[in-house]
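[1] Return atomic coordinates for the entry below.
(one chain, ligands or ions: 1)
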Amino acid sequence: MIPLDDGWSTMTSIDKTLHKNLRQTLRSGLGNDYLKRFEPAILRQLKKYYAELTKDKKPDGWSNAVNMRKWNLYLGFDTMSDFGFGISTNLLFDSARDFIFPTLHVHEKKMGLYEQLPTLNKLGIGKVIAKVLLKVFPQAKRFAEWYESFLNKAVAANTTESRGIFGPVIQSGLGQAKTPGHNKAQMIAEGSFSVFSSADAYSITLSGLFHYLSHYPEAYERLAAELRGMYKPGEDIVWDSRLESNVYLRAVINEVMRLLPPACGVHWRECEKSGVFVGPNRVAVTPGSDVGVSVFALCRDGRIFRDPLRFWPERWVPGTLVEEEFATARKMFVPFLIGPRNCAGSHVAVMIASITYAYTLVNYDFRFGPEQQKIGGGGGGPGYRSPVEEGEDKELKFESHYSIAGWDNGPFIELKATQ
Ligand code: HEM
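    Modelled structure (predicted):
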């Protein structure tokens, strides 16, 4: 599943030394110094996003409802291109988005297919399919041209010094790193994976905020009160210990990621030695076998999380659950996985979500628009049936073709400035 010959990235590399070198190079851009330097990109893009979404208002001051699935993807890409490489993709305004996202959607389906049937790709069918797609799917050709110019811009911007947190990956691929890192193909693979996957995850996390808080007014009011007590509308929100230590904000982020884990699928690991056992029945795993668990299923397991379908951030606030139940929930909550192949940017994801959630609630009120009824969820729409479990009727329904979450539309949200 690598895009170019030898185009391994931190995520796809198997060789342990190569993985260590790639991960180390990538992580060198994810330290506090880099994050602080490039953090303004997050607010810069958020301000553009909200200005665009609220420019048309109804007489009562609320915006028309916007389809957050689409807009959050545009925001995610623009933010991660700016934060990652210091370049502008401008998808909040540019019609290029109309061929970029459909092509990426097909790509995800392709990856899902190879994940299930790796032999297809090993036989070289992957390359054939890629060539055929370029011929039969006009959007794919336009995407390929756009992608090339995106990469060229990223390289040009980061050749002599970093303009974003993924700058060290570019310098490593150009042979300028002091420690072993990427070759050119690996630089391309890493650069694309880092921007595309984190953009997607960011967009999902923001859609989850709109969806779940619109369904759960008590959580909305509690988080809004906390954040509005800390910041004034229009004030720049920065990542500092005050924001990082807000317990309820972190509880909401956790609860969104529990019900809507961006990397929802099974992340397979190969068993390397004997003596490994999994599950409550301690089933022995043979060396060479792949082992994995669905993050989606784990996050909704009623044996671990009480009322698993209910959006209940309080479960993450110390003192709400008895100690043993709280400890189990914390141990089993792994949206970023654990171990040496866990997410290399989990702290960055939490930082971006914290700034975004705080900026949103301090500066805007939001609620579902009438279009929400058409997609179901919240007591109406196609396929509606009375809920059996608490929270079942308030789910954000998504699908997954690969190991990440995806869906077509929604939530549909109206916004109103708080001042
Ligand atoms: C809510 C946001 C995010 C979630 C839920 C998430 C989740 C994950 C998960 C579950 C994995 C393991 C995948 C596997 O092994 O199959 C992973 C890997 C990875 N993630 Fe994230 N991620 C997020 C954001 C980010 C961000 C912002 C970055 C970069 C700044 C990033 C960089 C990476 C990298 C480089 C890997 C590969 C790590 C390795 O194999 O050593 N992720 N992520």
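[2] Around the ligand, which positions in the stretch 251-400 of the chain sit nearby?
    Residues of the stretch 251-400 of the chain lying close to the ligand (CB under 6 Å from any ligand atom) are 262, 263, 267, 335, 336, 337, 341, 343, 344, 345, 348, 349. The C-beta positions use only the backbone N, C-alpha and C, and glycine is treated the same way.
[3] The fourth one and residue 260 touch, don't they?
    No. Counting by CB atoms under 8 Å, residue 335 does not reach residue 260; the two are 9.4 Å apart.
[4] by contact count, what packs against the helix or strand harbouring residue 219?
    According to DSSP states H and E, residue 219 maps onto helix 217-230. On a contact count with 3 or more CB pairs under 8 Å, 6 or more residues apart in numbering; DSSP states H and E, helix 217-230 meets helix 184-215, helix 247-259, helix 346-363.
[5] Now with 6 Å, please.
    Contact here means 3 or more CB pairs under 6 Å, 6 or more residues apart in numbering; DSSP states H and E; on that basis helix 217-230 packs against helix 247-259, helix 346-363.
[6] In CSV, list those helices along with mean pLDDT.
    Converted to CSV, the helices and strands packed on helix 217-230 look like this (pLDDT from 0 to 100):
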stretch, mean pLDDT
helix 247-259, 98
helix 346-363, 98
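[7] measure the residue in the chain that the ligand sits nearest to to residue 27 for me?
    Proximity of the chain to the ligand (CB to the nearest ligand atom) peaks at residue 345, 2.3 Å away. Going from residue 345 to residue 27 by CB to CB, to the nearest Å gives 9 Å.
[8] okay, these two: which has more neighbours?
    residue 345 (21 against 14; other CB atoms under 10 Å).
[9] residues contacting that one?
    residue 30 (CB atoms under 6 Å, 6 or more residues apart in numbering).
[10] Residue 26: neighbour count?
    Neighbours of residue 26 (other CB under 10 Å): 25.
[11] related to what we said a few turns ago, which of the residues of the stretch 251-400 of the chain next to the ligand fall within helices?
    Counted as lying in helices by DSSP state H, out of those, are 348, 349.
[12] quick one: which of the residues of the stretch 251-400 of the chain next to the ligand has the most company?
    Most neighbours among these, by other CB under 10 Å: residue 262, with 25 neighbours.
[13] Identify each buried residue in the helix holding residue 219, please.
    219, 220, 222, 223, 224, 226, 227 (16 or more other CB atoms under 10 Å).
[14] coming back round to it: can you add distance to residue 164 and give the residues of the stretch 251-400 of the chain next to the ligand back as JSON lines?
    Converted to JSON lines, those look like this (distance: CB to CB, whole Å):
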{"residue": "262", "distance to residue 164": "21"}
{"residue": "263", "distance to residue 164": "22"}
{"residue": "267", "distance to residue 164": "26"}
{"residue": "335", "distance to residue 164": "24"}
{"residue": "336", "distance to residue 164": "21"}
{"residue": "337", "distance to residue 164": "25"}
{"residue": "341", "distance to residue 164": "24"}
{"residue": "343", "distance to residue 164": "19"}
{"residue": "344", "distance to residue 164": "16"}
{"residue": "345", "distance to residue 164": "13"}
{"residue": "348", "distance to residue 164": "12"}
{"residue": "349", "distance to residue 164": "16"}
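[15] Can you name the two of the residues of the stretch 251-400 of the chain next to the ligand that sit furthest apart?
    267 and 348 (18.6 Å; CB to CB).
[16] Residue 163 touches residue 88, doesn't it?
    No. With contact defined as CB atoms under 6 Å, residue 163 does not count as touching residue 88 (11.1 Å).
[17] Comparing those two, which residue is more hemmed in?
    residue 163 (22 against 16).
[18] Phi and psi next, for that one.
    Taking degrees, to the nearest 10, you get phi -110, psi 0 for the backbone angles of residue 163.
[19] For it, give its distance to residue 156.
    Applying CB to CB to residue 163 and residue 156 gives a distance of 10 Å.
[20] How about residue 134?
    In terms of CB to CB, residue 134 sits 25 Å off from residue 156.
[21] again with residue 123
    Taking CB to CB, one finds residue 123 at 37 Å from residue 156.
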